[in-house]
Each structure stands twice: as C-alpha cells, then as structure tokens.
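Asks: I would like the atomic coordinates for the input below:
(one chain, ligands or ions: 2)
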Amino acid sequence: MTGAYRKAYDESIKNPEEFWGRAAKAVHWDRPYDRVLDDTNKPFYRWFAGGELNTCYNALDRHVKDGRADQAALIYDSPVTGRVGRYTYRELLDRVALFAGVLADNGVKKGDTVIIYMPMIPEALVAMLACARIGAVHSVVFGGFAPNELAIRIDDARPVLIVTASCGIEGKKVIEYKPLLDRAIELASHRVARTIIYQRPEARAELIAGRDIDWTEAEKKASPAGCVPVKATDPLYILYTSGTTGLPKGVVRDNGGHAVALAWSMKYIYGVEPGEVFWAASDVGWVVGHSYIVYGPLLYGCTTIMYEGKPVGTPDPGAFWRVISEHKVSALFTAPTAFRAIKKEDPNGEYLKKYDLSAFRTLFLAGERLDPDTYHWASDMLGKPVIDHWWQTETGWAIAANCMGLEPLPVKAGSPTKPVPGFQVEIVDGDGKQVPAGSEGVVAIRLPLPPGTFPTLWKNDDKFRESYLDIYPGYYFTGDGGYYDSDGYIYIMGRVDDVINVAGHRLSTGAMEEVISQHPDVAECAVVGAADSFKGQLPLGFVVLKSGVERNPDEIVNELVRMVRDQIGAVACFKQAVVVKRLPKTRSGKILRGTMRKIADDETYSVPSTIDDPVILNEIKDSLASVGYQKV
Ligand code: COA
Ligand code: AMP
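Replies: Numbers count the residues shown, from 1 in each chain. Ligands and ions are numbered 1, 2, ... in the order given. All right, here's what the predicted structure looks like:
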C-alpha cells in the first residue's frame with residue numbers, strides 16, 4: 001500500500017481549500033473564483049464563489065482547441081435499431097452549438113429552465129450540452145415515467161420549453177412519447193408554449209401547429225450559438241429524485257463544483273486517462289447518466305458511449321461484452337441488477353468467451369447494494385477488478401469507493417470500501433451520536449459536502465434544510481443505514497426511509513401509496529420494498545378495503561397495478577398487492593412498514609412495544625399466505 005489514499009483523504013478533510021483548489025486547475029475558468037469554499041452562510045456552502053465558467057466549453061470546445069478535435073467524443077450504440085454512430089469532438093461541438101442556436105431562437109435565455117424528456121439517443125446529450133452552452137438549466141425526465149410524473153416536474157421546474165423525441169424503444173417495444181407529452185402538458189398547471197421534437201423513423205409524431213417544432217427543420221434555420229459564461233454557483237441542472245412523499249425532490253447541481261469534482265473523479269476514482277473509452281450503461285434520465293454518460297467523460301476528454309439497449313435480450317446476454325470489445329471500453333459502470341440479469345441467462349459466461357476483452361480494465365457497480373454473490377460471479381467471470389461504489393442523486397458522484405486512480409485497496413465483498421476524499425462519513429445513532437465500528441446506524445456526512453454535491457433543492461431552501469440538514473445538525477442525512485468494520489470499510493445496508501430501490505431505480509413507496517389511495521374501494525394502504533433476488537427490491541402493497549366493499553380482491557389488485565403503471569410508470573414495477581383486514585400501527589398511528597417488510601421477506605422480527613394490536617401481524621402473515629406470496 002502506498003498510503004496515497006489516506007494522504008489525499010486527510011488533506012481533503014483538513015485542508016479542503018487547498019485540495020479542491022488544486023483540482024480546480026483541470027477546469028477552464030472565464031473568471032477566476034474569489035474563494036474555493038464560501039462558508040459565510042452556513043449550513044449553505046458554495047464552492048468556487050466568484051468564479052465564472054461554461055460547462056459545455058469545458059466538455060467540448062476546450063478539447064477541440066487542445067488537439068482532441070478528431071477523437072471520438074461519443075459513440076452511439078443502439079442494438080434496438082441496429083444503428084451505431086460515432087461523433088468526434090468537433091462534430092459533437094458543431095451539433096451542440098447548432099442546437100444551442102435553436103434553443104436561443106425559441107426564446108431560451110441564460111437562467112431559463114428546459115425539460116428534456118428523451119430516450120437514449122445522441123440528441124438527448126446534445127440537448128443537455130446545448131442548454132449548458134447558453135446558461136440554461138436543464139431538467140431531464142426519465143423516459144419510463146408516466147405523464148403524471150412529467151407534469152409534476154413541469155410544474156416545479158416551470159420550463160420555457162420541452163425537448164423530446166417521437167419515441168423510445170424498450171427492447172422490442174416502440175413507446176410513443178408524443179401522447180405522453182401531450183397528456184403531461186394537459187395535466188400541468190404551468191403552461192408550456194413550445195416543444196421541440198426529434199422525429200425518429202420508428203414512429204413519427206403528429207405535430208401541433210404553433211406549439212411543436214420539428215428539431216431537424218429548426219436546425220436548418222438556426223446558426224450556432226457560442227458559450228455563455230455563468231457563475232460557478234449558478235445551476236447547471238435540476239434532477240428530480242424520489243423522496244418519501246409523492247412529490248419528488250429537485251436536486252440542483254451547480255456548474256463550478258460539478259466540473260471540478262467530476263474531472264477529479266474520472267482520474268482518481270475510475271482510474272481512466274483522457275482518450276480512453278468510458279461506458280456508463282445507465283440512462284441519461286438518472287444521475288449516473290448525467291455524471292458519467294454525459295459530463296464526467298467529456299469534461300475529462302474521454303470517449304463516452306450511449307447505449308440504447310439492455311444487458312439481456314438485445315439480442316442476448318453477450319450484449320455488454322460485444323460493446324466492450326467493439327469499442328475498446330476501458331471501464332464499464334452499471335448497476336448490479338444488470339449483472340444479475342446476465343448471470344440469470346448465461347450463468348457459465350458462454351457469451352463472454354466469444355469476445356476479446358483485453359482492453360477492458362475495471363467494472364464499477366453502483367445504484368444499489370452489490371450483493372456478495374453478484375460480486376463473486378462478476379469478478380470470477382471477468383478476472384478483472386469489480387468495484388462497488390456508493391452514491392446518490394444528491395451527491396452526484398461517489399461518496400464511498402475504492403479509488404482506482406489513487407490507490408486500489410483490497411476489495412471486501414459487500415463493502416464499497418472507504419469514503420472518497422471530501423466526504424467525512426460517520427455512522428450515528430438516533431440522537432446523532434457516532435456509534436463504534438461494528439454497530440449499525442444511520443449514515444451521515446459531516447458538512448461541508450465536497451464540490452459537485454447539491455447546494456440546495458430547486459427554489460426550496462427550506463425543504464433542503466428540513467429533509468437533509470435539520471435531522472442531525474452539522475451533518476447531511478443520507479437516508480441510508482450502514483456500519484464501519486474495524487478496518488474502516490463502510491457497509492451500506494439499505495434505506496432507513498420510505499425510498500426503495502428497484503432494478504437500480506430509486507422509487508418512492510409514498511408516491512405509490514398516494515396513487516393507490518385514490519382507488520374508490522381503498523380505505524388505506526402501505527407499500528413496502530420486498531426483497532427480490534433479481535431486481536433487489538420490488539414494491540409490495542398492503543391494502544385495506546372500505547367496509548362494505550365485496551368485490552373480488554384480485555380485480556381490485558389488478559386495477560391498482562394499472563393505476564400505478566399509468567400514473568407513475570412501468571418503471572415502478574408495481575405488480576403485487578394483497579388485501580388485508582387492518583394495517584399494523586403504533587399507538588400513535590404510525591404504520592409499521594418495516595415490520596410488514598420483514599414478514600414478507602420471511603425475516604425474524606420483534607413485535608414492536610409500541611404496537612397497537614400485535615394480532616394484526618399474524619393477520620398480515622395469513623393474508624400473504626392466502627395469496628401464495630413467497631419471497632423470490
Ligand atoms: N421508457 C419506457 N419504459 C421503460 C423504460 C423507459 N426508458 N425503462 C424501463 N421501462 C419499462 C420496462 O420496459 C418494463 O416494462 P414492463 O413492465 O412492460 O416489462 C418496466 O419499465 C420495468 O423496467 P425494468 O425494471 O428496467 O425491467 P426490465 O426487465 O425491462 O429490465 C434490467 C431489467 C435489470 C435489465 C434493467 O432494469 C437494467 O438494465 N437496469 C440497470 C439499472 C440502471 O441503469 N440504473 C441506473 C443506475 S446505474
Ligand atoms: P439514486 O439517488 O437513484 O442514485 O439512489 C441512491 C440510493 O441508492 C442510495 O441512497 C442507496 O440506498 C442506493 N445505493 C446506491 N449505490 C449503492 C451502493 N453501492 N451500495 C448500496 N446502496 C447503494
């Protein structure tokens with residue numbers, strides 16, 4: 001061991017200004033910052049205050065000027081359409097500048113918000129960078145969300161316009177976006193006067209005259225727009241993420257801290273070099289897509305890959321190995337569930353044997369806990385380091401990781417290794433007191449959080465404080481539970497709130513409960529995240545019917561499944577619910593969701609001393625048994 005990790009970590013905590021000031025040299029500043037860390041308005045911290053830059057300039061123009069013009073910036077690999085496209089840095093810059101001109105022609109100015117609702121096509125990345133180029137704030141909405149979810153985001157972000165495509169392709173299904181968009185605009189209170197639609201040949205959209213603009217036609221009339229410098233502390237994007245209620249939280253990302261942190265992470269966490277191919281097999285609608293399909297690799301001068309396909313079925317479980325070998329990928333980042341999907345279909349790695357993976361160095365996994373079985377399978381199959389790392393939409397980059405470019409530490413299965421420089425991670429009890437190694441508690445991070453993490457929630461400082469900072473003063477509350485072992489390795493065991501993780505997708509059980517409660521026959525309900533060996537967790541509903549309702553429970557459950565799919569989206573994977581007589585509650589009326597989850601997962605549980613009526617727990621067990629529910 002070289003001690004490089006410990007040295008960097010200690011410096012980042014003791015002397016953050018020097019540490020991040022040095023890292024900031026990797027970024028081109030239009031105006032130098034006055035201070036690395038502005039802590040004059042605690043608990044709000046601002047990084048690189050006074051500085052000005054443009055994130056798109058740093059991701060594209062700078063590389064074109066510095067000799068990367070002819071290097072591939074983006075490879076689009078789409079097994080669902082059979083298309084593969086390559087864009088050099090110069091070509092991508094030209095496309096982004098032109099589309100920035102389209103946005104400007106349509107009234108988008110610095111500081112305006114733009115919603116991007118798009119599938120995994122290059123135009124999604126082009127639209128994001130075009131916003132950044134003119135200082136507009138983008139908010140990408142994952143294509144798997146239903147119109148209602150899009151409408152909620154429209155009302156909070158209040159966009160000047162929405163950029164979308166005519167359709168997405170999910171395996172073999174063509175999903176038309178236009179009807180979803182129209183419905184969302186209808187549902188939203190904020191008036192969206194304009195949309196820009198990229199027409200895909202798989203399903204062309206019917207445009208509404210006076211509102212919808214054809215992307216390609218608009219480009220014909222536009223001229224390229226230049227980069228508009230923005231403050232380091234100005235927002236680059238808003239990304240909505242699930243909280244405990246039906247209202248998602250608008251996580252804000254700044255420009256300066258974000259550029260510095262992501263460039264640093266590419267070198268020191270992912271251990272790649274400019275010019276190498278970095279592939280994040282995620283979706284631009286999630287934070288992983290923002291940070292490591294779009295911004296991180298481009299800020300650092302890598303080639304990024306936009307993959308429109310799945311780990312299996314497009315066409316087979318060798319899909320990832322094909323992409324790695326065809327495009328000479330150095331590092332792949334995906335979610336453990338993707339590997340569980342491959343393992344299920346190709347347990348002995350027969351497809352892997354067909355491809356040359358000699359250029360491939362490291363597999364990074366995140367988005368959910370990396371269970372030891374999946375870790376061992378992936379590392380035995382690949383014979384390369386498999387690195388678990390833990391992060392959240394709020395932080396934008398890894399909180400804990402094995403920093404491959406700094407000092408690779410021995411891997412311990414089940415642990416994302418140690419806190420990344422900049423993150424002072426502690427385990428605390430209910431009173432906010434640190435607990436000793438080996439004891440489980442809530443994972444909290446001492447303020448200030450490092451650059452690149454969220455400075456606040458969109459136009460909602462109060463909710464930011466309330467949800468994250470007031471719980472344990474002086475700390476950021478992560479919402480995760482976990483512990484340290486005696487070697488200082490951290491273990492993240494799952495959420496302590498009502499957020500669940502389904503196939504690496506973060507979802508709110510509260511949002512599902514809100515939908516279910518709207519059913520005319522439902523008196524009350526609870527949704528928990530039950531264990532699932534493939535997707536990690538799956539939502540499971542417990543429903544109490546109104547007295548006098550005598551309909552067939554299966555019929556009601558089917559209606560609830562349809563409602564959640566229609567109002568939240570297929571991605572919620574809400575497919576199972578059971579009708580129960582009563583819900584277990586504490587005497588003060590709090591529903592005991594944790595205990596119900598344990599019953600569903602067949603785990604031992606203690607009967608809470610505060611429970612209103614312990615008999616209800618047996619009723620829950622019986623109801624699950626009566627519908628043949630079994631943990632998978
Ligand atoms: N647009 C529309 N629908 C979508 C969608 C999108 N962008 N993404 C998913 N869906 C739909 C799916 O088609 C599926 O619909 P169905 O119920 O009709 O079958 C449903 O939402 C559930 O999707 P998912 O949970 O993703 O299941 P899946 O079987 O389609 O795929 C995996 C399973 C594991 C292959 C896939 O979830 C995956 O690759 N996960 C990686 C997660 C990830 O990228 N996380 C980000 C952090 S790294
Ligand atoms: P998201 O904001 O969608 O990135 O989801 C963040 C949540 O996913 C975290 O709060 C964790 O609960 C979970 N998560 C992400 N990465 C990991 C990991 N490596 N190990 C355990 N849980 C993880």
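
Asks: going by C-alpha atoms from here, please, whenever you check contacts or count neighbours.
Replies: Will do.

Asks: for the residue of the stretch 401-550 of the chain found nearest ligand 2, give me phi and psi.
Replies: Closest contact between the stretch 401-550 of the chain and ligand 2, by C-alpha to the nearest ligand atom, is at Arg506 (4.4 Å). With angles defined as degrees, to the nearest 10, Arg506 shows backbone torsions of phi -90, psi 120.

Asks: write down the beta-bridge partners of it, one by one.
Replies: Note on Arg506: beta-bridge partners by DSSP bridges are Asn501.

Asks: ok, it touching Thr244?
Replies: No. Using C-alpha atoms under 8 Å, Arg506 is not in contact with Thr244, being 10.9 Å away.

Asks: picking up where we left off before, ok, the residue of the stretch 401-550 of the chain closest to ligand 2 - contacts?
Replies: Thr241, Ser242, Val499, Ile500 (C-alpha atoms under 8 Å, 6 or more residues apart in numbering).

Asks: shared neighbours of Arg506 and Thr244, which are they?
Replies: Between them, Arg506 and Thr244 share the contacting residues Val499, judged by C-alpha under 8 Å, 6+ apart.

Asks: what helices or strands is the longest helix seen in the chain leaning on?
Replies: Criterion DSSP state H: the longest helix present in the chain is helix 89-105. Judged by 3 or more C-alpha pairs under 8 Å, 6 or more residues apart in numbering; DSSP states H and E, helix 89-105 is in contact with strand 72-78, helix 122-133, helix 215-221.

Asks: and it, which residues are buried?
Replies: By neighbour count on 16 or more other C-alpha atoms under 10 Å, the buried set for helix 89-105 is 89-105.

Asks: same check, this time on stretch 102-119
Replies: Neighbour count says stretch 102-119 has 102-106, 108-119 buried, by 16+ other C-alpha under 10 Å.

Asks: strands - which of those land there?
Replies: Thr113, Val114, Ile115, Ile116, Tyr117 (DSSP state E).

Asks: would you mind giving me the confidence score for the last one?
Replies: Turning to Tyr117, the model gives it a pLDDT of 98.

Asks: what of Gln434?
Replies: Looking at Gln434, the pLDDT reads 97.

Asks: check contacts around the closest residue to it other than its chain neighbours.
Replies: Spatial nearest neighbour of Gln434, excluding adjacent residues (C-alpha to C-alpha, 6 or more residues apart in numbering): Val428 at 4.2 Å. Val428 is in contact with Gln434, Val435, Gly441, Val442, Val443, Ala444, counting by C-alpha under 8 Å, 6+ apart.

Asks: quick check: bridge partners of the fourth one?
Replies: If I follow you right, that is Val442. In beta-bridge terms (that is, DSSP bridges), Val442 pairs with Val428, Gly481.

Asks: report the contact partners of it.
Replies: Ile427, Val428, Asp429, Gly430, Phe477, Thr478, Gly479, Asp480, Gly481, Gly482, Val496.

Asks: bridging residues for Asp77?
Replies: Bridge pairing for Asp77 - DSSP bridges - gives Val84, Tyr307.

Asks: residues near it, how many?
Replies: 22 (other C-alpha atoms under 10 Å).

Asks: hang on, it packs against Arg83?
Replies: Yes. Here Asp77 reaches Arg83: they are 6.3 Å apart, a contact under C-alpha under 8 Å.

Asks: list residues touching both of those two?
Replies: By C-alpha under 8 Å, 6+ apart, no residue touches both Asp77 and Arg83.

Asks: tell me which residue lies farthest from the centre of the chain.
Replies: Gly548 (43.0 Å; C-alpha atoms, centre = their mean).

Asks: follow-up on the earlier one: same for ligand 1: which of the contacts of Val442 are within range?
Replies: Among the contacts of Val442, not one lies near ligand 1 by C-alpha under 6 Å from any ligand atom.

Asks: buried members of those residues into PyMOL, please.
Replies: This is how PyMOL selects the buried members of those, with burial counted by 16+ other C-alpha under 10 Å:
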select buried, resi 427+428+477+478+479+480+481+482+496
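
Asks: give me the below-cutoff pLDDT ranges for the stretch 151-300 of the chain.
Replies: Applying pLDDT under 70 to the stretch 151-300 of the chain flags no residue at all.

Asks: stretch 396-411 close to ligand 2?
Replies: No. Stretch 396-411 lies out of reach of ligand 2 by C-alpha under 6 Å from any ligand atom, never closer than 8.0 Å.

Asks: list the buried ones in that stretch?
Replies: 396-409.

Asks: repeat that for stretch 565-578.
Replies: Buried, per 16+ other C-alpha under 10 Å, within stretch 565-578: 565-578.

Asks: ok, and what's touching the longest helix of the chain?
Replies: Here helix 89-105 has contacts from 60-61, 63-64, 68-74, 126-127, 129-131, 133-134, 218-219, 222-226, using C-alpha under 8 Å, 6+ apart.

Asks: the same query, at a cut-off of 6 Å, please.
Replies: Leu60, Ala69, Ala72, Ala73, Val126, Ala130, Ala222, Ser223, Pro224, Ala225 (C-alpha atoms under 6 Å, 6 or more residues apart in numbering).

Asks: ditto for stretch 311-330
Replies: Pro79, Val277, Phe278, Ala338, Ile342, Tyr351, Asp356, Leu357, Ala359, Phe360, Arg361.

Asks: state the distance from the fifth one to ligand 1.
Replies: What it means is Ile342. 8 Å (C-alpha to the nearest ligand atom, to the nearest Å).

Asks: the last one now?
Replies: According to C-alpha to the nearest ligand atom, Arg361 stands 18 Å off from ligand 1.

Asks: repeat that for the first one.
Replies: Distance of Pro79 to ligand 1, given as C-alpha to the nearest ligand atom: 14 Å.

Asks: so which bits of this structure are right by ligand 2?
Replies: So the chain meets ligand 2 at 366-370, 388-393, 416, 480, 492, 494-495, 505-506 (C-alpha under 6 Å from any ligand atom).

Asks: which ones among those map onto strands?
Replies: Asp388, Asp480, Ile492, Gly494, Arg495, His505, Arg506.

Asks: for the nearest residue to the second one once chain neighbours are set aside, give me its contacts.
Replies: So the one you mean is Asp480. If the residues on either side of it in the chain are set aside, Asp480 comes closest to Arg495, at 4.2 Å by C-alpha to C-alpha, 6+ apart. Neighbouring residues of Arg495 by C-alpha under 6 Å, 6+ apart: Gly479, Asp480, Gly481.

Asks: next SSE downstream of the helix or strand hosting Glu555?
Replies: Glu555 belongs to helix 553-567 when assigned by DSSP states H and E. Sequence order places strand 576-579 as the next helix or strand after helix 553-567, per DSSP H and E.

Asks: what's in contact with that following strand?
Replies: Leu540, Gly541, Phe542, Val543, Val544.

Asks: coming back round to it: and the contacts of Val428 as CSV, adding distance to Val174?
Replies: Converted to CSV, the contacts of Val428 look like this (distance: C-alpha to C-alpha, whole Å):
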residue, distance to Val174
Gln434, 51
Val435, 51
Gly441, 45
Val442, 42
Val443, 41
Ala444, 42
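
Asks: which two from these end up farthest apart in space?
Replies: Val435 and Ala444 (11.4 Å; C-alpha to C-alpha).

Asks: which of those two has more neighbours?
Replies: Counting neighbours by other C-alpha under 10 Å for Val435 and for Ala444 shows that Ala444 has the greater number, 28 against 16.

Asks: measure Tyr117 to ligand 1 for me?
Replies: Distance from Tyr117 to ligand 1, by C-alpha to the nearest ligand atom: 10 Å.
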